[in-house]
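*Asks:* Next comes the sequence, and after it the predicted model I'd like to discuss.
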Amino acid sequence: MKKFIFILTFFLTVTGITIAQEIGMALIKEGRFVPLYGASSKKPVFVNSFYLDIYPVTNAEFLSFIKKNPTYSKSKIKGIFADKTYLSYWENDFDFGSSKPNSPITAISWFAAKKYCECQGKSLPTMNEWEYAAMADAKTIDARTKKEFNNYILSWYEKSKTYENEVGKTFKNYWGVYDMHGLVWEWTSDFNSIFLSGESRKDKSSDKNLFCGSASVNASDLMDYAAFMRYAFRGSLKAQYSTRNLGFRCASSTKPKVNL
């Protein structure tokens with residue numbers, strides 16, 4: 001058995017396929033970057049190495065989760081965890097209707113996305129993790145200064161119903177991750193942590209910041225319209241919200257295990 005695992009590992013390595021990629025995650029190596037918001041000194045923030053799902057979570061994958069966790073189904077989820085538009089396009093609790101199995105799950109609340117990731121032994125990526133991974137194009141770690149890269153993102157914002165497309169149809173970025181741009185918006189664990197009201201700045205409860213968006217703080221580059229729109233969208237959300245163009249993917253701080 002050990003010999004088989006060694007041969008398989010060697011094969012995956014020489015063919016450029018990592019074990020993490022085999023089970024749907026890519027390694028995002030540690031680094032520094034200046035986020036659009038949240039860095040008051042405009043100095044780079046450090047992001048530790050982490051693993052990120054190569055694709056957003058799909059309808060079929062979320063259906064499997066629902067079958068094991070029916071309290072998160074369309075008819076049974078509690079109102080404090082999801083609004084009335086939760087899974088609005090599903091026919092019923094166990095039928096995602098005419099949507100494709102391999103299209104991204106959307107109309108999903110932050111609570112449900114968080115629970116899904118936890119059940120996989122993972123978590124939602126932090127905002128800095130997501131932005132760090134998403135600033136890469138196909139060839140470079142940080143493509144934010146490239147006009148064509150920003151134009152690509154902005155042109156997607158103008159398109160409708162891209163959530164109906166299947167995952168993996170956009171470009172693969174430097175890290176080997178697909179669909180960071182061009183498919184759906186995505187939840188992060190701390191999606192609203194940089195939008196603070198006067199009262200919430202004094203409040204020590206981090207959860208409060210996830211429910212009340214307000215004035216923005218310290219944008220590092222107001223010309224980065226693509227990122228600006230993402231942060232503005234996050235600032236409009238509350239954790240129980242669900243919209244048709246909002247999905248998610250999971251992250252992990254540790255190397256995923258392969259069951260052989």
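*Replies:* Structure's in. What do you need? Numbers count the residues shown, from 1 in each chain.

*Asks:* For the stretch 1-150 of the chain, give me the ranges with low pLDDT.
*Replies:* 1-23, 37-41 (pLDDT under 70).

*Asks:* residue ranges of the strands in it, please?
*Replies:* Per DSSP state E, counting those that start in this stretch, the stretch 1-150 of the chain has strands spanning 25-28, 31-33, 45-47, 50-53. These are given in chain order.

*Asks:* Helices along this protein, start to end?
*Replies:* 2-14, 19-22, 59-68, 110-119, 127-134, 147-157, 225-235 (DSSP state H).

*Asks:* how about those helices, which one is nearest residue 92?
*Replies:* Closest to residue 92 of the helices of the chain is helix 59-68 (CB to CB; 10.7 Å). For glycine as for every other residue, the C-beta is placed from the backbone atoms N, C-alpha and C.

*Asks:* in the closest one, what counts as buried?
*Replies:* Neighbour-count burial for helix 59-68 flags 59, 61, 62, 63, 65, 66 (criterion: 16 or more other CB atoms under 10 Å).

*Asks:* cool, and stretch 161-177?
*Replies:* In stretch 161-177, counting by 16+ other CB under 10 Å, buried: 162, 163, 165, 167, 170, 173, 174, 175, 176, 177.

*Asks:* How about stretch 144-151?
*Replies:* In stretch 144-151, residues buried by neighbour count (16+ other CB under 10 Å) are 144, 149, 150.

*Asks:* Dump the residues you listed to a markdown table, plus distance to residue 251.
*Replies:* Shown next, in a markdown table, are those (distance: CB to CB, whole Å):
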| residue | distance to residue 251 |
| --- | --- |
| 144 | 21 |
| 149 | 22 |
| 150 | 24 |
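
*Asks:* Go ahead and confirm residue 149 touches residue 137.
*Replies:* Yes. When contacts are counted by CB atoms under 8 Å, residue 149 is listed as touching residue 137 (5.0 Å).

*Asks:* any common contacting residues for those two?
*Replies:* Common neighbours of residue 149 and residue 137, using CB atoms under 8 Å, 6 or more residues apart in numbering, are residue 143.

*Asks:* show me what contacts residue 120?
*Replies:* residue 250.

*Asks:* Residue 114 versus the residue lying closest to residue 253 once chain neighbours are set aside, what's the distance?
*Replies:* Distance criterion CB to CB, 6 or more residues apart in numbering; nearest residue to residue 253, sequence neighbours excluded, is residue 50 at 5.4 Å. Counting by CB to CB, to the nearest Å, the gap from residue 50 to residue 114 is 16 Å.
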